[in-house]
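**Student:** how does the following fold in three dimensions:
(chains A, B, C and D)
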Number of protein chains: 2
Amino acid sequence: MSENVGRWLRDEIENAILSNEFAPGARLDEMVLASRFGVSRTPVREALMQLDAIGLIEIRPRRGAVVINPGPHRIYEMFEVMAELEGLAGSLAARRLDEDSRKAITATHSRCERSAGAGDSDAYYYDNEEFHKAIYAASRSDFLEEQCAQLHRRLRPYRRLQLRVRNRLSTSFSEHCGIVEAIFAGDGKEARRLLRSHVGIQGERFSDLVASMAAR
Amino acid sequence: MSENVGRWLRDEIENAILSNEFAPGARLDEMVLASRFGVSRTPVREALMQLDAIGLIEIRPRRGAVVINPGPHRIYEMFEVMAELEGLAGSLAARRLDEDSRKAITATHSRCERSAGAGDSDAYYYDNEEFHKAIYAASRSDFLEEQCAQLHRRLRPYRRLQLRVRNRLSTSFSEHCGIVEAIFAGDGKEARRLLRSHVGIQGERFSDLVASMAAR
DNA sequence: AATGTTAATCTTGTATACACGATTGTTGAC
DNA sequence: GTCAACAATCGTGTATACAAGATTAACATT
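**Tutor:** Model prediction:
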């Protein structure tokens, strides 16, 4: 448990939202949450305020908080921005790569290889996250790293859906290979280009997303 | 005044920070703020929580809130990300431009021309903001527009400093001309390239920034 | 039967009270 | 005179109480 209850609650509720326990559109009743976590309404309200500021929920004055329901189009927009930021991270990483970052990327990349080879989509989901985080860190831009991590977190549920699509695992991993190659070669332009197309949802991948969202 | 005191306070305190009334590093005492605005500590705390989530202040548990002091390097990183996002907005605007957006861009562009011609740096500061916002809107990506607006807001104080640099007004405006031309011509690549270099702080502009920061 | 109005209830918004950790100032020892 | 330990004070963290708007349900009217 974190230092103060408010932040702990923020993380707790955020995870519940991202893991779809609190589904989009669901109403978040302050008293229900308070009794569920065994605290008073005060820290619950503080947590909700923060989640509102992040953009995960919406607090309508005097009418309570609801989990935001993005809709396919907005999710597409979010991936579009994510692709851009990751592209920048990749291009900076290629330019600034040092020994530590190189090792970190290599390590997570091999873990992805293993889980992709085993066809273990849950393991790959986790390893993939670490791989991307390693690239953010390699950019050596703290602010960019934070922005990427935050958006990545917010897109987590949809990424998970995407991975369930047939053949996506091996496709994803082979794209990783190219990205690693470009970064290690110091080719910023190519790293940017590959990451942009790896992260973005172009063409059929958008309809895949819509389909998997509808499937729930 | 907004619907509830908490949000009103958030905006109020945010403005006070962005206008440098609460300088970086300043301590934000809950009781002082409460009595200043004539409310209790509760909505003050809620406002502070939100500002913390946005990244404008830092709340250290049990030790109060302070205004974040970014430092030149981090500001550079923020402009780097801003440049990337604006580049994306520009390239989308070029692809998707419609009549309304075209009009809006033209209108703000002429206002910039007037204030730049008059050498009125305060007026230009405001018109320039509207010009960039018009481009965000023209991107037709709500999420991108929000992200850009938020980061733009956060970088406001530094942008203002930059404009005070000698000749920056006319340089900035002539860059705008190129950007408008590229967007109206539907040349996304060029719009992206020009916006990136317009917004980013490359080379000597970084030392200008550092110098103007030190001057305060 | 449908709709508009009003009263009861429920939930959020704000204030206040209390608890506890952090900070600061004072006193005493070396 | 300097430093350490302890006490007092101050400010934050959480709970509870009270106020007020929103929702809902019942009732009357058309």
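**Student:** quick one: the helices in chain A?
**Tutor:** Along chain A, the segments classed as helices by DSSP state H run A:5-18, A:30-37, A:41-54, A:71-96, A:99-117, A:121-138, A:142-163, A:168-184, A:188-199, A:204-214.
**Student:** closest one to residue B:93 among those helices?
**Tutor:** Ranking those by their distance to residue B:93 (criterion: Cβ to Cβ) puts helix A:71-96 first, at 13.4 Å. Backbone N, C-alpha and C define where each C-beta goes, glycine included.
**Student:** which strands and helices sit next to that closest one?
**Tutor:** Based on contacts counted as 3 or more Cβ pairs under 8 Å, 6 or more residues apart in numbering or on different chains; DSSP states H and E, the elements that helix A:71-96 packs against are helix A:121-138, helix A:142-163, helix A:168-184, helix A:188-199, helix A:204-214, helix B:71-96, helix B:142-163.
**Student:** comparing those helices, which yields the minimum mean pLDDT?
**Tutor:** In terms of mean pLDDT, the lowest-scoring of the helices and strands packed on helix A:71-96 is helix A:204-214 (a mean of 78).
**Student:** hmm, who's touching that one?
**Tutor:** Helix A:204-214 is contacted by residues A:72, A:75-76, A:158, A:161-162, A:164-165, A:201 when judged by Cβ atoms under 8 Å, 6 or more residues apart in numbering or on different chains.
**Student:** make a PyMOL selection of whichever of the residues you listed turn out to be buried.
**Tutor:** In PyMOL syntax, the buried subset of those is picked out as below (16 or more other Cβ atoms under 10 Å in any protein chain shown):
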select buried, chain A and resi 72+75+76+158+161+162+165+201
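**Student:** adding distance to residue B:185, write the helices and strands packed on helix A:71-96 out as JSON lines.
**Tutor:** What follows is the helices and strands packed on helix A:71-96, written out as JSON lines (distance: least, Cβ to Cβ, whole Å):
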{"stretch": "helix A:121-138", "distance to residue B:185": "34"}
{"stretch": "helix A:142-163", "distance to residue B:185": "30"}
{"stretch": "helix A:168-184", "distance to residue B:185": "31"}
{"stretch": "helix A:188-199", "distance to residue B:185": "23"}
{"stretch": "helix A:204-214", "distance to residue B:185": "28"}
{"stretch": "helix B:71-96", "distance to residue B:185": "7"}
{"stretch": "helix B:142-163", "distance to residue B:185": "21"}
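**Student:** list the contacts for the nearest residue to residue A:53 once chain neighbours are set aside?
**Tutor:** Nearest in space to residue A:53, with sequence neighbours left out and distances taken as Cβ to Cβ, 6 or more residues apart in numbering or on different chains, is residue B:53 at 3.7 Å. Applying Cβ under 8 Å, 6+ apart, we find residue B:53 in contact with A:49-51, A:53-54.
**Student:** show me which positions of stretch A:126-133 end up buried.
**Tutor:** The neighbour-count criterion (16+ other Cβ under 10 Å) identifies A:127-129, A:131-133 as the buried residues of stretch A:126-133.
**Student:** ugh, wrong one, stretch A:12-24
**Tutor:** Counting neighbours by 16+ other Cβ under 10 Å, one finds that the buried residues in stretch A:12-24 are A:12-14, A:16-18, A:22.
**Student:** what of stretch A:32-40?
**Tutor:** Buried residues in stretch A:32-40, counting neighbours by 16+ other Cβ under 10 Å, are found at A:33-34, A:37, A:39.
**Student:** of the residues you listed, which are in range of DNA strand D?
**Tutor:** On the criterion Cβ under 7 Å from any atom of the strand, residue A:39 are the entries of those that sit beside DNA strand D.
**Student:** which pLDDT value belongs to the residue nearest to residue A:53?
**Tutor:** Looking at residue B:53, its pLDDT is 94.
**Student:** with distance to residue B:187 and pLDDT added, can I get the buried residues of stretch A:12-24 in TSV?
**Tutor:** Below are the buried residues of stretch A:12-24 laid out as TSV (distance: Cβ to Cβ, whole Å; pLDDT from 0 to 100):
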residue	distance to residue B:187	pLDDT
A:12	48	95
A:13	45	96
A:14	41	96
A:16	46	96
A:17	41	95
A:18	39	92
A:22	44	96
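**Student:** of these, which is the nearest to DNA strand D?
**Tutor:** Using Cβ to the nearest atom of the strand, residue A:12 comes nearest to DNA strand D of the buried residues of stretch A:12-24, at 12.6 Å.
**Student:** tell me the contacts of the nearest residue to that closest one once chain neighbours are set aside?
**Tutor:** Beyond its immediate neighbours in the sequence, the residue positioned closest to residue A:12 (Cβ to Cβ, 6+ apart) is residue A:37, lying 6.8 Å away. Contact criterion Cβ under 8 Å, 6+ apart gives A:9, A:12, A:44 as the residues in contact with residue A:37.
**Student:** again with residue A:198
**Tutor:** Per Cβ under 8 Å, 6+ apart, neighbours of residue A:198: A:83, A:86, A:172, A:175-176, A:179.
**Student:** among those residues, who's most crowded?
**Tutor:** Counting neighbours by other Cβ atoms under 10 Å in any protein chain shown, the top entry in the contacts of residue A:198 is residue A:86, with 28 neighbours.
**Student:** for that residue, give its distance to residue A:79.
**Tutor:** In this structure, residue A:86 lies at 10 Å from residue A:79, with Cβ to Cβ, to the nearest Å as the measure.
**Student:** tell me, what's touching those two both at once?
**Tutor:** Between them, residue A:86 and residue A:79 share the neighbouring residues residue A:199, with contact defined by Cβ under 8 Å, 6+ apart.
**Student:** nearest residue to the spatially most central residue of chain A other than its sequence neighbours?
**Tutor:** Most central in chain A under Cα atoms, centre = their mean is residue A:152, positioned 2.3 Å from the mean C-alpha point. In space, residue A:152 comes closest to residue A:132 once its chain neighbours are excluded; the distance is 6.4 Å by Cβ to Cβ, 6+ apart.
**Student:** and chain A, which residues reach chain B?
**Tutor:** Contacts of chain A with chain B, taken as Cβ under 8 Å from any Cβ of the partner chain, map to A:3-4, A:6-7, A:42, A:45-46, A:49-54, A:61-62, A:74, A:77-78, A:80-81, A:84-85, A:87-88, A:141-144, A:146-147.
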